[in-house]
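> Quick one, fold the following:
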Amino acid sequence: MIPLDDWLGLGEGRYSAGVREMCCREASSSSFRIAAEDLVRIGQIGVSHEMVRQIVETEGQRVLLEQKHKRLSPGWTAENCRAKSDDPSCVITGADGVKVPLVTEAEKSKRRKNRGAKPRGQSRRRYIRKGSDQRYKEFKILAFYDPSHQRQYAVGTSGDHQVLGRMMRRHAAMIKLDKADVAYSVSDGAQWIRHQYACQLPMLKANILDYYHLRDHVIKAACVVFGEGTSHAVSWREELIGCVLADGPMELLDRIGLLVRKVRSRTKRQALQSLREYIGKRLAMLDYPCFKAAGYEIGSGPTEAFCKTLTSRLKGPGMRWDKQNGEGPMSYDYRRMSPKAPVFVAGRRRPGPRRASRPAGREPGGRAAPLPSVGSPR
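Got it, this is the predicted structure:
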């Protein structure tokens, strides 16, 4: 425990809430071994790197359980998302998938072979779970924020799109998304994202395709047709982007169709046809003139940023996780961003036993109360 924790009655189990919080914070940006070394240097807390790992994973699972039962809220609702008191409330949401490195079954099998026989006197050994069938798996991120980006809320899951869909409904209810005057989504337009928003959040006013994802597809087609880095590719790209921003997606499709009739190369025609199909499936998401007139954002920058920050502990150099434990670090990173985080940590601390009223610093016999030892951790 942290010095004074036990004396103040803050102890809970083997490690106090303060120690567990310090372990999670130190391990959020470094390996468990380095985190254990930093804890000794900074807080005089002697904890092995293996115990730091167990604490971080356990705390992460606690946060996930609190989120599931709606006991850990973001600290704000749609009613708070107003630029001024008389302005309409506005909430923006986004979702995306990000690849995370995992420990494969081949690596787990190698660990089982190399750990040797069970030490004498040890009753049981730590079970090694089955590893992943692939080196990378997609984790999914869900974000809610206001136009000023002062209120942000993000969660992640290692489950499939149906799991994320249930999270959409649960967390949208927590922030009272249905009470917002304006609510819309900005995403990359993936099929599973569009499907889940349509099914789980029908109150959204619009579903907008991220402008930069469209721009990337236009750039790829321009490089195939005109050559990478050529002046023709740059001018055609800027012409199409300006066209969709000013006139909408139908004019964009017409201009692509004109170019399709001029080219003869099979590869170039396939690139243009692929771009037309991509746009044709997302016509309702590309009405940028109307979206800009209504004051909507057309970029998913905050969602992309959450994909980086929430998975930074999972994607560091040499860092790989089990799928079952990968959600823990993401949930703890969310807890650090949430205004409710300190309340959640302090809420698990149990107060010390009540004592009879007496003068401060005195024991019943009149002697001065001894101070606790702070020279070494408990």
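> in a helix, that's where Lys137 is, yeah?
No: applying DSSP: H, G, I helix; E, B strand; the rest coil, one finds Lys137 to be strand, outside a helix.
> where does the stretch 251-378 of the chain dip in pLDDT?
Counting by pLDDT under 70, the stretch 251-378 of the chain has low-confidence residues at 318, 332-378.
> quick one, helices of it?
Assigned by DSSP state H, counting those that start in this stretch, the stretch 251-378 of the chain shows helices spanning 266-280, 288-293, 301-309, 323-337, 341-346.
> name the helices or strands packed onto the longest strand seen in the chain?
In the chain, with assignment by DSSP state E, the single longest strand is strand 90-101. Judged by 3 or more C-beta pairs under 8 Å, 6 or more residues apart in numbering; DSSP states H and E, strand 90-101 is in contact with strand 136-145, helix 161-174, strand 182-187, helix 191-200, helix 301-309. For every residue, glycine as well, the C-beta is placed using N, CA and C.
> Going by neighbour count, which residues of that strand are buried?
Along strand 90-101, these residues count as buried under the neighbour rule (16 or more other C-beta atoms under 10 Å): 90-98, 100-101.
> Same list (those) but as JSON lines, adding distance to Met167.
Shown next, in JSON lines, are the buried residues of strand 90-101 (distance: C-beta to C-beta, whole Å):
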{"residue": "Cys90", "distance to Met167": "21"}
{"residue": "Val91", "distance to Met167": "16"}
{"residue": "Ile92", "distance to Met167": "17"}
{"residue": "Thr93", "distance to Met167": "11"}
{"residue": "Gly94", "distance to Met167": "13"}
{"residue": "Ala95", "distance to Met167": "9"}
{"residue": "Asp96", "distance to Met167": "13"}
{"residue": "Gly97", "distance to Met167": "14"}
{"residue": "Val98", "distance to Met167": "15"}
{"residue": "Val100", "distance to Met167": "17"}
{"residue": "Pro101", "distance to Met167": "23"}
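> Quick check: Ala95 touching Gln200?
No: using C-beta atoms under 8 Å, Ala95 makes no contact with Gln200, being 10.2 Å away.
> hey, what's in contact with both of those two?
Residues within reach of Ala95 and of Gln200 at once, by C-beta atoms under 8 Å, 6 or more residues apart in numbering, are Met168.
> before we move on, back to that, of all the helices and strands packed on strand 90-101, which lies closest to Asp322?
Closest to Asp322 of the helices and strands packed on strand 90-101, according to C-beta to C-beta: strand 136-145, at 10.6 Å.
> Tell me who's in contact with Arg269.
Contacts for Arg269 (C-beta under 8 Å, 6+ apart) come out as 260, 263.
> CSV please, covering the helices and strands packed on strand 90-101 and showing distance to Glu238.
Listed next are the helices and strands packed on strand 90-101 as CSV, based on distance: least, C-beta to C-beta, whole Å:
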stretch, distance to Glu238
strand 136-145, 30
helix 161-174, 35
strand 182-187, 22
helix 191-200, 28
helix 301-309, 21
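> Rounded mean pLDDT for the strand or helix carrying Arg25, please.
Using DSSP states H and E, Arg25 sits within helix 17-27. Averaging pLDDT along helix 17-27 gives 84.
> likewise stretch 212-230?
Averaging pLDDT along stretch 212-230 gives 94.
> any low-confidence regions in the stretch 1-150 of the chain?
Applying pLDDT under 70 to the stretch 1-150 of the chain picks out residues 1-13, 116-119, 121-127.
> For it, which segments are assigned as helices?
17-27, 32-43, 49-68, 105-114.
> who wins for proximity to Ser265 among the helices and strands packed on strand 90-101?
helix 191-200 (29.2 Å).
> ok and that closest one relative to helix 161-174, angle-wise?
Angle of helix 191-200 versus helix 161-174, following axes from the mean of the first three to the mean of the last three C-alpha atoms, to 10 degrees, is 40 degrees.
> Helix 191-200: which residues count as buried?
Of all the residues in helix 191-200, those buried under the rule 16+ other C-beta under 10 Å are 193-194, 196-197, 200.
> possible to save those residues as CSV with pLDDT and distance to Gly60?
Converted to CSV, those look like this (pLDDT from 0 to 100; distance: C-beta to C-beta, whole Å):
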residue, pLDDT, distance to Gly60
Ile193, 96, 25
Arg194, 95, 30
Gln196, 96, 24
Tyr197, 96, 27
Gln200, 96, 25
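> and of the helices and strands packed on strand 90-101, who's closest to Ile219?
helix 301-309 (17.2 Å).
> Figure out how far the closest one is from the centre of its chain.
8 Å (C-alpha atoms, centre = their mean, to the nearest Å).
> Show the secondary-structure elements that it is packed against.
Using 3+ C-beta pairs under 8 Å, 6+ apart: helix 301-309 touches strand 90-101, strand 136-145, strand 152-157.
> Which neighbouring elements make contact with the last one?
When you say that, I think you mean strand 152-157. Applying 3+ C-beta pairs under 8 Å, 6+ apart, we find strand 152-157 packed against strand 136-145, helix 161-174, helix 301-309, helix 323-337.
> tell me the angle of the first one relative to helix 161-174?
Angle, strand 136-145 to helix 161-174, by the same axes, to 10 degrees: 20 degrees.
> Give me the angle between strand 136-145 and strand 90-101.
Relative orientation of strand 136-145 versus strand 90-101 (the same axes, to 10 degrees): 160 degrees.
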